[in-house]
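[1] Here's my sequence, what's the structure:
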Amino acid sequence: MNFAVLVFPGSNCDIDCFKAVEDTIKQPVSYVWHTETDLSQYDCIIVPGGFSYGDYLRCGAIAQFAPVMKALKEAAEQGKYIIGICNGFQILLESGLLPGAMLRNESLKFRCHATMLQVENNATPFTAGYSQGELINIPIAHGEGNYYCDDATLEELKANNQIVFRYEAGNNPNGSVDDIAGICNKQGNVLGMMPHPERAVHELLGSADGAKMFTSILSTWREKHGAAVNG
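    Next comes the predicted model:
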């Protein structure tokens, strides 16, 4: 299974994502610069965190116009797996690949610490290895992670089971609507989340709960393509 990690000017979690794939599931992974226009060789594309284009205008607002984004949208339409983490989530929102928008944290402060998430939908390629309702320890690091959408969009997200992660009840770190920490598109192949699973793939990092996300992606892809899990 071939993975790509997109790199924009200002990305700073690209190495974390690369190493998470390389060390956790030992699959081929490549850095892909934002000027690339062809993603056809990749099965999963990760849009990492950081400060793409310095977060000028709004987080992700400039990155949505990068040449690679056309190829990313084509990959999404083809059913390839796409995961946007933190700034990557913001880019997916700005580009229209996911609904909603990001606001400043309610505290107006940058929040960087461990958070507990509840798995709300374990029927996606990214969460198949988790139990429904499982609580997992995944860190956050963001200043604009306050997910917002209007009431109609929220009802649609609920109706289509697109809310993948919520912050543990009573521990919402940013004020996001309905405690939302991560959502997917209707087809379930595009995931955006503010917490960083790539920073939680080994107990030495404080948690290994993020490792299941990468093993879930690989297992789901192999099942879909008829490959042996240990092949």
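
[2] From now on I want contacts and neighbour counts done on CA atoms only, so please keep to that.
    Fine.

[3] Can you pull the poorly scored residue ranges out of the protein?
    Across the chain, the ranges flagged by pLDDT under 70 are 227-231.

[4] so how many other residues sit close to T220?
    Number of residues near T220 (other CA atoms under 10 Å) recorded here: 19.

[5] Name the SS class of S131, please.
    Using DSSP: H, G, I helix; E, B strand; the rest coil, the structure places S131 in coil.

[6] show me what contacts the residue lying closest to it once chain neighbours are set aside?
    Spatial nearest neighbour of S131, chain neighbours left out: N122 (6.4 Å); criterion: CA to CA, 6 or more residues apart in numbering. Contacts for N122 were tallied using CA atoms under 8 Å, 6 or more residues apart in numbering; they are A128, G129, Y130, S131, Q132, V164.

[7] helices and strands around the longest helix along the chain, which ones?
    Counting residues, the longest helix in the chain under DSSP state H turns out to be helix 211-224. Helices and strands touching helix 211-224, by 3 or more CA pairs under 8 Å, 6 or more residues apart in numbering; DSSP states H and E, are helix 14-24.

[8] Quick check: closest non-adjacent residue to G60.
    Spatial nearest neighbour of G60, chain neighbours left out: I91 (4.3 Å); criterion: CA to CA, 6+ apart.

[9] Please report how far that neighbour lies from T115.
    Between I91 and T115 the computed distance is 22 Å (CA to CA, to the nearest Å).

[10] what about the spatially closest residue to V29 that is not a sequence neighbour, distance to E144?
    Nearest residue to V29, sequence neighbours excluded (CA to CA, 6+ apart): F3, at 4.5 Å. According to CA to CA, F3 and E144 sit 27 Å apart.

[11] again, but for L204
    Going from L204 to E144 by CA to CA gives 27 Å.

[12] ok, now G50?
    Remark: distance between G50 and E144 (CA to CA) = 12 Å.

[13] swap in M213?
    Noted for M213: a distance of 23 Å to E144, by CA to CA.

[14] Also S95?
    Distance of S95 to E144, computed by CA to CA: 17 Å.

[15] These two: which has the busier surroundings?
    More crowded of S95 and E144, by other CA under 10 Å: E144, with 24 against 19.

[16] how about that one, what does it touch?
    The contact partners of E144, by CA under 8 Å, 6+ apart, come to C59, M102, L103, R104, N105, F110, N174.

[17] Can you tell me which of those residues is nearest R199?
    Taking CA to CA as the measure, R199 lies nearest F110 of the contacts of E144, at 17.3 Å.

[18] quick one, what contacts the closest one?
    F110 makes contact with A141, H142, G143, E144 under the criterion CA under 8 Å, 6+ apart.

[19] The same query, at a cut-off of 10 Å, please.
    For F110, the contact set (CA atoms under 10 Å, 6 or more residues apart in numbering) comprises R104, I140, A141, H142, G143, E144, G145, N174.

[20] wait, the fifth one sits on S107?
    What it means is G143. Yes: using CA atoms under 10 Å, G143 is in contact with S107, at 9.0 Å.

[21] Next, show the common contact partners of these two.
    Residues touching both G143 and S107 (CA under 10 Å, 6+ apart): N174.

[22] ok, those two, which is more surrounded?
    G143 (20 against 12).

[23] so who does the more buried one touch?
    Under the criterion of CA under 10 Å, 6+ apart, the neighbours of G143 are 59, 86, 102-112, 174.

[24] Now with 7 Å, please.
    By CA atoms under 7 Å, 6 or more residues apart in numbering, the residues touching G143 are R104, N105, K109, F110, R111.

[25] gap between the two ends of stretch 117-125?
    Stretch 117-125 has its terminal residues 17 Å apart, counting by CA to CA.
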